[in-house]
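>>> Let me see the structure of the following:
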Amino acid sequence: MIQENNKPLLIIEDSDEDFAALTRVIAKSFISNPIYRCEDGEEALDFLYREGEYQDESLSPRPCLIVLDLNLPGTDGREILIELKQDQDLKTIPVVIFSTSSNPQDIDACYKHGISGYLVKPMDINRLNQLVKTFLDYWFEAVELPKNNN
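I've put the predicted structure just below:
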């Protein structure tokens, strides 16, 4: 599986273990898109708005897809999502939630704010790997991602 547009994938995830699991399955899927990681909400907003250490556009290219954890330290994923979807330049970037929360209120609220998908992280590593593989197959094989998110 190779994504042709080669635009970056932004993963906003504070857990090293969850990030490692995601990137491990991505590598096995031969997805060549560069992967960027932000570990908290403030860093993610700096990346997306090209502020702070991310003022240089080469350090913060526009992602074709954002994978967002809800439970981040500081500014959480819910706040990031709301801000992102209200921004004219960023709102068209697909956002997929990747969270331990299966709370129906979280799921409903995220969809109301315009997410493209909601994945609940399973505790079992084999189920996690299968879920991520299914996610990647959908987003990098079946779906056409935006190409002009400058």
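>>> Residue 42 and residue 74 touch, don't they?
Yes: at 5.4 Å, residue 42 counts as touching residue 74 under the criterion of C-beta atoms under 8 Å. C-betas here are computed from N, CA, C, even on glycine.
>>> What ranges does the protein have for its strands?
With DSSP state E, the ranges of strands along the chain come out as 9-12, 35-38, 65-68, 95-99, 117-120.
>>> Could you point out which of those sits nearest residue 106?
The closest of those to residue 106 is strand 95-99. By C-beta to C-beta, the value is 7.1 Å.
>>> Strand partners (parallel or antiparallel) of the closest one?
Strands adjacent to strand 95-99 in the sheet, as given by DSSP bridges, are strand 65-68 (parallel), strand 117-120 (parallel).
>>> now, of these, which is deepest in the fold?
Burial of those is given as mean neighbour count (mean count of other C-beta atoms under 10 Å); strand 65-68 ranks first at a mean of 26.
>>> Nearest residue to the middle of this protein?
Taking C-alpha atoms, centre = their mean, the centroid of the chain lies closest to residue 67, which sits 1.3 Å from it.
>>> Brilliant, that's me finished.
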